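*Asks:* structure for this input, please:
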Amino acid sequence: MFGFRRESRPVELGPYPLERLKRDGGIIDEESREPAVASSQPLNVDDSPLARAAVNHLGAYETIREPQPFSKKAPVPDDLALRVRDIKGCGYFEDASQIGICRTPASAWLSQEDKTLTHAVVILVEYGLEIDQDNAAADWVQGNEHLLATLRAAEIATITAGQIGSLGYSAVCHWAGASDVDLDKLTVLAGLAIRTDSGLRNPYLDDRFAVAVVTTDYELNVDLPLA
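*Replies:* Got it, this is the predicted structure:
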């Protein structure tokens, strides 16, 4: 972030300068034509105490991944940019690395789910810094980086879905191992990654990240896919 002053940076832009990257709206049609595919990065879980704890927490989040929306809609702003600032700002406050928003095409659903959820908030969390090998925690973390990043993304998604539900709109969370949507497709459509022969890649993080998605009927401004 050389050349940026975080204290004067709009909260909805986050810690990475995604706004400086080239975009290509034509990718929307390409992605929308392709059928949905389950996550290309399934969670590989070992028997370490940390991995077991992470799986237990994911199981707890799974029970609340579809909050009941309030019966009365809140007086939300008509300005979709203000709505985005609220939703992305909350996610970045919860330490998301990057957040993108896209429309949810019918081809993103893995099965015949509720197509009234028109938008997707994609929450990306980068892997933590490598731990020194002489640290006792190194063995616990090694090989579980994707699991731990997924746990954090799922937590932020659950909070975001709850926030949207409290406004009176529907929201459902999705992550690897608990998803009704094609996570890769929505990550590309939301402008957080490009497809390569070896999987999704993010311009700043390569493949060292995990995502969770909130599908919702809460209308928001969308981001374009990366060129």
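
*Asks:* who touches the helix-or-strand element of the chain with minimal mean pLDDT?
*Replies:* Lowest by mean pLDDT, DSSP states H and E among the helices and strands of the chain is helix 138-141, with a mean of 80. Residues from elsewhere that reach helix 138-141 (CB atoms under 8 Å, 6 or more residues apart in numbering): S48, P49, L50, A51, G128, I131, D132, L148. No exception for glycine: its C-beta is placed from N, CA and C like everyone else's.

*Asks:* again with stretch 46-55
*Replies:* L43, V45, A137, D139, W140, V141, G143, N144, L147, L148, L151.

*Asks:* measure the nearest residue to I131 once chain neighbours are set aside to H57 for me?
*Replies:* Closest residue in space to I131, ignoring its immediate chain neighbours: A138 at 4.4 Å, by CB to CB, 6 or more residues apart in numbering. For A138, the distance to H57 equals 21 Å [CB to CB, to the nearest Å].

*Asks:* just to revisit the earlier point, ok, so of the contacts of stretch 46-55, who is nearest K73?
*Replies:* Using CB to CB, L151 is the member of those that sits closest to K73, with 31.3 Å.

*Asks:* and the helix or strand where that closest one lies, what does it pack against?
*Replies:* Per DSSP states H and E, L151 falls inside helix 145-166. Helices and strands touching helix 145-166, by 3 or more CB pairs under 8 Å, 6 or more residues apart in numbering; DSSP states H and E, are helix 49-62, helix 80-93, strand 119-126, strand 171-175, strand 209-216.

*Asks:* and the contacts of the very next helix or strand once past the fourth one?
*Replies:* Using DSSP H and E, the next helix or strand after strand 171-175 towards the C-terminus is helix 183-189. Residues lying outside helix 183-189 but in contact with it, judged by CB under 8 Å, 6+ apart, are 27-28, 31, 34, 36-37, 39-40, 100, 102-105, 107-108, 120, 122, 124, 174-176, 193-195, 200, 211, 213, 225-226.
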